[in-house]
Every structure is written in C-alpha cells, then in structure tokens.
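> Below: sequence and its predicted model.
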Amino acid sequence: MNRVEPRTLSGFMELLPNEQILFNQMKEKIQKTYERFGFLPLDTPVIESAEVLLAKAGGETENQIYRFQKGDNDLALRFDLTVPLAKYVAKNYGNLSFPFRRYQIGKVYRGERAQKGRYREFYQCDIDIIGDGELDLINDAEIPSIIYTLFKELGFNDFTIKINNRKILNGLFESINQKDNSTEILRIIDKIEKIGKDAVIEELKKLNVKDEQINKIISFIEITGSSDEKIEKLENLGITNETYLKGINELKTVVQNVRLFGVPDSNFMVDLTIARGLDYYTGTVYETFLNKYRELGSVCSGGRYENLAEYYTDKSLPGVGISIGLTRFFYKLNELNIIKADRKSISDVLIIPVVEDLKEPIKLAADLRKIGVNTEVYLNDKKLKAKLKYADKLQIPYTIIIGEDEIKSNKIKVKNMETGESIETELSAEKIKEII
RNA sequence: GUGAGUAUGGCGUAGUUGGUUAACGCGCCAGUUUGUGGCACUGGAGAUCCUGGGUUCGAAUCCCAGUACUCACCCCA
C-alpha cells in the first residue's frame, strides 16, 4: 500500500486533546463575556464570492487572500470578520436593530508565509457596534470596559488598554503638511516600541520628511504623563488644526467615560504612539498589552471607523469594534508557560464494567449524565488493568468498577484516582455525584 | 515576494577523516501482578535515514536538483 505521509499544512494550528480543551475554555470565556455585554451572535460563511470580499481590498490584502475557482464561480476565503460583517449589515439592514451589537468568533485565512506564532488559519474574536447614520462617542468608551472584563475573566490583572485617537495624529500631519504620507508615517510610529526611536527617525527620513517635521512628530509622541496630563499637554501645543482639536475632544470624552464604565486608571492609559496599521480607523484606537509579557505585542486591538459598508450600501454605518487573534494569543501564552494545558480528559468519571451484560453500567452512565456529570463507559474488552491504566493516562478523576457483586449488592466503590482511595456508596447517580 | 537554516522509528534526539546488525530517551505492546492504575524490573514490536539523481568498492554521512518544514524581513492577529 502506498501510504501518504500524514502532515498538516504549514501555518495551520492543530492541537492535542489537552491543549484543545484549554483553547476551548478560553474561547468559551470570550464568548460568554461578549454575551454578557449584550452582543448578538453572528456566523457567516468562510467562503464568500471574491467580488464581495475584495470590494475594497488592494495592496497586501489582495496578495494574501486565498482565492480559487469552482466551476464559473470566483471564490475566496474570508481574511477577517469585518468585511463579512459589512456585507451582512448592508444585506440585512432592514432586519437589524441599531445600534447593532454583534460578536463573531471564527476562523479566517491569510495566504502568507508562516512564522513563529503566525498562522494562515486563525481564530478572530470580534465585537462591533454599528450605528445607523451615527454612533455616539460613548460607545467608544464602553469598549475598554469589555476588554477589561474579558482579560479579568481570562485570569489577567496586570494589563494596560492603550487608547489614542487617529484624528489627533492625522491633524498633526495636516498641520505639518504631511497629510499624503499619513498612512506611512502612522505605520512607522506604530513600530516605535519594536525598533526604537532612532530607527523611527531613520525611516521618516527615508520618506523625505524634513528634520523640522520629524522633530515635531518625535516630540509629540514623546509626550509623557498620566492620561489627563497628556491631554492637557496636547491642548497646550498651540496646534489649531481642526481635525487635531476634534481628536483631542474625542479622546478627552472617551477617557472620562471609560472611568464611568468602571475601568481603573491602572488598567488603561492614553498612549500617543498607538496608531494601528489598519487605515480604516478614523477615531479612537485601542491596543491591549500584558505588562509582564510585552513581547506578546498587542493582544486585543481595534478602533472606530467612519463607514463600515460603503462598498455595499449608500447607508452611512459608523462603528467601533475590537478583535482578539485567539490562535496567536493562545500559542504565545502556551509557549511562555503562562497557561498550563493540564487537563487531558473532560470526563469526571470512568465507569469500568467487568460483566458481560452492560445494561447496568450503561444505565448508570445515562443517569449520571442526566444530572450533569461527564461520564464515560469503558467499552472495550480488556483486562481490568488496562482499563484503569486508560483512566490514569487520561487523568480521569474518578473510576467506578461495576461487576456481578456490585449489581447484586447494589453497592459500588467510587475510586479517587489521585489519592487511590475508594468510597463505598449505593449504586445511584445521586449518591455518586455527592462524592465527586 | 526576499533571505537563511533544517529534514534519522509515533515524538524528541545521537550518529564527520564515508565502512558492514542505524543508537538513546519518551511513548507503545506483553509479562512479573487472572477484580484495582501510577512505581520498578524483564522482554518485545516499530526506521523507504524527505524524494530523485550523482560521486564511490561502499552514502544517514559528500555533491546536484526537487519537495516540505522552521526562522527572519515585508505585512499583520
């Protein structure tokens, strides 16, 4: 027989059971938190018509998208969850209630060269709030409170949600006549933490930005102090550009209201270097860092955009949202041993039959499941030793052996596999549940 | 798209002046121990040494090509 080597494509994550259990737990916590804030679930197809997915596109996105023909259809795999959302809202505009709050957790695809912690197929966990015509700025302030609740829920305390406003940066660029280069400059500024101040200056010089302008940009992003102090310093820079002033006002409002939503100052701050590479953000932008693990980069980011679905509808649909790249986040947490995948089974109990007639063991399992106990019956004809070894290897916490004696006497022993101790009780699901 | 590196049982690895039965750990199977797992001991199964070609009396080892994977850049989650 000509065997095919079993392999998984580069850039695609595949986990062992213990890791998958942990991954699913994280995914579930994220989902529960999103729902607690009233976000509605949404699931859209992984495959869309290329025309729809590439309505905007251009540049890198176009190069990285998986695109293929099936018959006469020109198809593509979604590369994020925002474009499908835009299509969905435009298509179902009449059936949705605005502001439309939706979450979506799903896989997206990017055909780029894989590298450490970077995948071609990965989960994004998105929330967005979409307004009809307008969306009040206070929504921008609620977002950090969701991030805050979420990371608390995931077991983190020492994290910082960094907040900035694109209008401030864009206004600054306008005021120094660098509006045309704004996307490029933003990208460079965004890298300051990684490459350092000097490298940023070098890159700006390559863009033919004048020294005087570079100095302005640098002294701007080097503004220090608390969130309120930074805002005050921005106001006192003497820049009169309209966009700039609007940005400051927005940022000020957001900061005040973030506090209203209960996020402590220890977990958020204004950071003027946060720019986000994506060019569709037009106002508030967010990035979240785990302070003890800065090397992870931003683990949750997003922002405000002026018009979600301009390529699909005339309706004006401003929105604000965030995304967590769960696959990468999980990979890195695991790599740094911040999380431990120590559960190898999801069974609470393994029932081990040592009789021919499986009626009683199967009935007991059904009874246990009915009252919420994850129960598994060992169904292969092996020696008792092998059956116990199975429970041991999967670290199933309890075992119950059922044979002729147990059925006759109506008494069983619940064995704690960690301590090795057994507790005798009645052959009844309720009694067993009390023990485990 | 650009650059560098790696490829040996299921997994992690050893294996260079080219030399005959490819080694070790983990895992797997069996036994010591016929209704009680983990520990220990004993034994066992399991390898187209990535693929194709070349050099050589002889290649896991040297050369060429291909493929895959990894890392970095670009970009991004």
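Done, it's in.
> Okay, now the unreliable bits of the stretch 151-300 of chain A?
A:276-278 (pLDDT under 70).
> now with 90?
A:169-170, A:176-222, A:237-239, A:273-281, A:293-297 (pLDDT under 90).
> Show me the helices in it, by range?
Here the stretch 151-300 of chain A has its helices, by DSSP state H, counting those that start in this stretch, at A:166-175, A:182-190, A:192-195, A:197-206, A:211-221, A:227-235, A:242-260.
> Tell me which of the ones you listed lies nearest to RNA strand B.
helix A:182-190 (5.2 Å; Cβ to the nearest atom of the strand). Bear in mind the C-beta positions are built from the backbone N, C-alpha and C, glycine included.
> what's the closest one in contact with?
By Cβ atoms under 8 Å, 6 or more residues apart in numbering, the residues outside helix A:182-190 that reach it are A:166, A:169-170, A:173, A:178, A:200, A:203-204, A:207, A:209, A:217, A:221, A:273-277, A:279.
> Do any residues in it lie close to RNA strand B?
Yes. Using Cβ under 7 Å from any atom of the strand, helix A:182-190 reaches RNA strand B at A:R187.
> and A:I432, what does it touch?
Contact analysis of A:I432 by Cβ under 8 Å, 6+ apart lists A:349, A:364, A:368, A:373, A:400, A:412, A:414, A:425.
> and which of those residues is nearest to RNA strand B?
Using Cβ to the nearest atom of the strand, the contacts of A:I432 come closest to RNA strand B at A:I412, 7.8 Å.
> which residues pair with the closest one across the strands?
A:T425 (DSSP bridges).
> Quick one: residues contacting it.
Contact analysis of A:I412 by Cβ under 8 Å, 6+ apart lists A:400-402, A:406, A:424-427, A:432.
> Count the residues that sit near A:D80.
Close neighbours of A:D80, defined as other Cβ atoms under 10 Å, add up to 16.
> ok, for it, nearest residue in space, not its chain neighbours?
Using Cβ to Cβ, 6 or more residues apart in numbering and skipping residues adjacent in sequence, the residue nearest A:D80 is A:V108, 5.4 Å away.
> and the helix or strand harbouring the one you found, average pLDDT?
Secondary structure assignment for A:V108, by DSSP states H and E: strand A:100-109. Across strand A:100-109, pLDDT averages out at 97.
> For that strand, C-alpha coordinates in PDB please.
The C-alpha trace of strand A:100-109 is given here as PDB (Å, rounded to 0.1, in the frame of the first residue of the first chain):
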ATOM      1  CA  PHE A 100     -26.300  46.700  16.100                       C
ATOM      2  CA  ARG A 101     -24.100  44.900  18.600                       C
ATOM      3  CA  ARG A 102     -22.700  41.600  17.300                       C
ATOM      4  CA  TYR A 103     -19.900  39.300  18.200                       C
ATOM      5  CA  GLN A 104     -18.300  36.700  15.900                       C
ATOM      6  CA  ILE A 105     -15.800  34.100  16.700                       C
ATOM      7  CA  GLY A 106     -14.400  32.300  13.800                       C
ATOM      8  CA  LYS A 107     -11.500  31.200  11.600                       C
ATOM      9  CA  VAL A 108     -10.100  33.500   9.000                       C
ATOM     10  CA  TYR A 109      -7.500  32.800   6.300                       C
END
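> between whichever helix or strand comes after it and strand A:100-109, how big is the angle?
Using DSSP H and E, the helix or strand that follows strand A:100-109 in sequence is strand A:121-130. Angle, strand A:121-130 to strand A:100-109, by axes from the mean of the first three to the mean of the last three Cα atoms, to 10 degrees: 160 degrees.
> helices and strands around strand A:121-130, which ones?
helix A:17-36, helix A:82-91, strand A:100-109, helix A:138-153, strand A:319-325, helix A:326-335 (3 or more Cβ pairs under 8 Å, 6 or more residues apart in numbering; DSSP states H and E).
> returning to what we had before: what subset of the contacts of A:I412 is buried?
Applying 16 or more other Cβ atoms under 10 Å to these, the neighbour count classes A:400-402, A:406, A:425, A:427, A:432 as buried.
> if we can go back for a sec, who does the strand holding A:V108 pair with, and is each partner parallel or antiparallel?
Strand A:100-109 sits in its sheet next to strand A:40-41 (parallel), strand A:121-130 (antiparallel), going by DSSP bridges.
> Give me the average confidence score over the last one.
Averaging pLDDT along strand A:121-130 yields 97.
> Fine by me, thanks again.
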